[in-house]
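>>> next input, structure requested:
(one chain, ligands or ions: 1)
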Amino acid sequence: MPELPEVEIVRQQLLQVLPGKEIVACHVLTPRIVRQPEVAAFEKRIVGSRFGEIWRRGKYLLFQLGKWELVTHLRMEGRFGLFDARAPLDGYTHLLFTLNGGSQLRYRDVRKFGTMDLLEAGQAASAPFLAGLGPDALDLSYEDFATRFQRPRQVKALLLDQHVLAGVGNIYADEALWRARVHPSCPADRLSEPERRSLYEGLQETLHEAIACGGSTVRSFVDMLGHAGQFQLHCHVYGRQGEPCERCKTPIVKAKIAGRGTSFCPQCQRLRTSVKIAGPYEGRLSP
Ligand SMILES: [Zn+2]
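Residues are numbered from 1 along each chain as shown. As a prediction, the model looks like this:
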């Protein structure tokens, strides 16, 4: 699934081609992608709008379109591409935005899990599906992060919880924890202040490095130009179970933590014995 870095790359690429372009026609080929308003109203309202700013909130993309805001979530496989309007369509194309000048923004999605919501400008922030989101992980001060990471919940679970902070998925959570030398099961309220700061910095470094690498391509992500991301080749723990840790040479292990496959170094990321974890991993993770 595209996470924050991949969505940010798509945003940056769309920003290079869309602002100032006017939508002269809109065709929804797969109605289920459009959540609101009804398809006929969606197609009608959006025509005549001109693309302005493009924002990102977690894994959501928000397009400023005159008096409207288009909010999209790419889910598993959604992609935008800019085509010549006369180019042949493939079976995975679900929305067409014909632009002035003869180009066409197409939304393609093999799995059809992506969503589009067309809202009145200024309404997006209070839309129920966005209002519950935590602050964007890249747009978060250390003070805010530290306040949110004071709860008696596993740090890995908090990192993945989109209500706590938005945009972080499995790869980036594991990489940030390794950088910070924090065990993924450690309750956040038991982190020392230096550990909490290391985790914040590890997360920021991980996300910035992933964006610089063009994101991660684990299953299918490609950017608008069809380029796969390279960050998966730079991971320290994700996808490296059994390989030696780059710091201490201990083999990386993988366990199910916070409901997700979690890779970490059992030596550098030790669970302090004073931290008691209930559940099936008690004892096993603290050699
Ligand atoms: Zn290690």
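
>>> number of nearby residues for the closest residue to the ion within the stretch 101-250 of the chain?
With C-beta to the ion as the measure, Cys245 is the residue of the stretch 101-250 of the chain nearest to the ion, at 3.0 Å. Bear in mind the C-beta positions are built from the backbone N, C-alpha and C, glycine included. Using other C-beta atoms under 10 Å, Cys245 has 20 neighbouring residues.

>>> surely it is in contact with Gln269?
No - in this structure, Cys245 is not within contact of Gln269 by C-beta atoms under 8 Å, at 9.0 Å.

>>> the helix or strand of the chain with the lowest mean pLDDT: what's the following helix or strand?
Scoring the helices and strands of the chain by mean pLDDT, DSSP states H and E places helix 128-131 at the bottom, with a mean of 87. Later in the chain than helix 128-131, the nearest helix or strand by DSSP states H and E is helix 142-148.

>>> how far out from the middle of the chain is the helix or strand just after that following helix?
Next in sequence after helix 142-148, counting helices and strands by DSSP H and E, comes helix 155-160. Here helix 155-160 is found 14 Å from its chain centre; the criterion is C-alpha atoms, centre = their mean, to the nearest Å.

>>> quick one: contacts of helix 155-160?
148-149, 151, 164-165, 168-170, 173-174, 176-177, 182-188, 191, 199, 203, 257-260, 262 (C-beta atoms under 8 Å, 6 or more residues apart in numbering).

>>> and the helix or strand just after that helix, what does it pack onto?
Downstream of helix 155-160, the first helix or strand assigned by DSSP H and E is helix 170-180. Applying 3 or more C-beta pairs under 8 Å, 6 or more residues apart in numbering; DSSP states H and E, one finds that helix 170-180 contacts helix 155-160, helix 193-212, strand 260-264.

>>> export these to CSV and tack on mean pLDDT, distance to the ion and mean neighbour count?
As requested, those are exported to CSV (pLDDT from 0 to 100; distance: least, C-beta to the ion, whole Å; neighbours: other C-beta atoms under 10 Å):
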stretch, mean pLDDT, distance to the ion, mean neighbour count
helix 155-160, 97, 17, 23
helix 193-212, 95, 14, 18
strand 260-264, 96, 9, 21
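
>>> since that was my last question, I'll sign off now.
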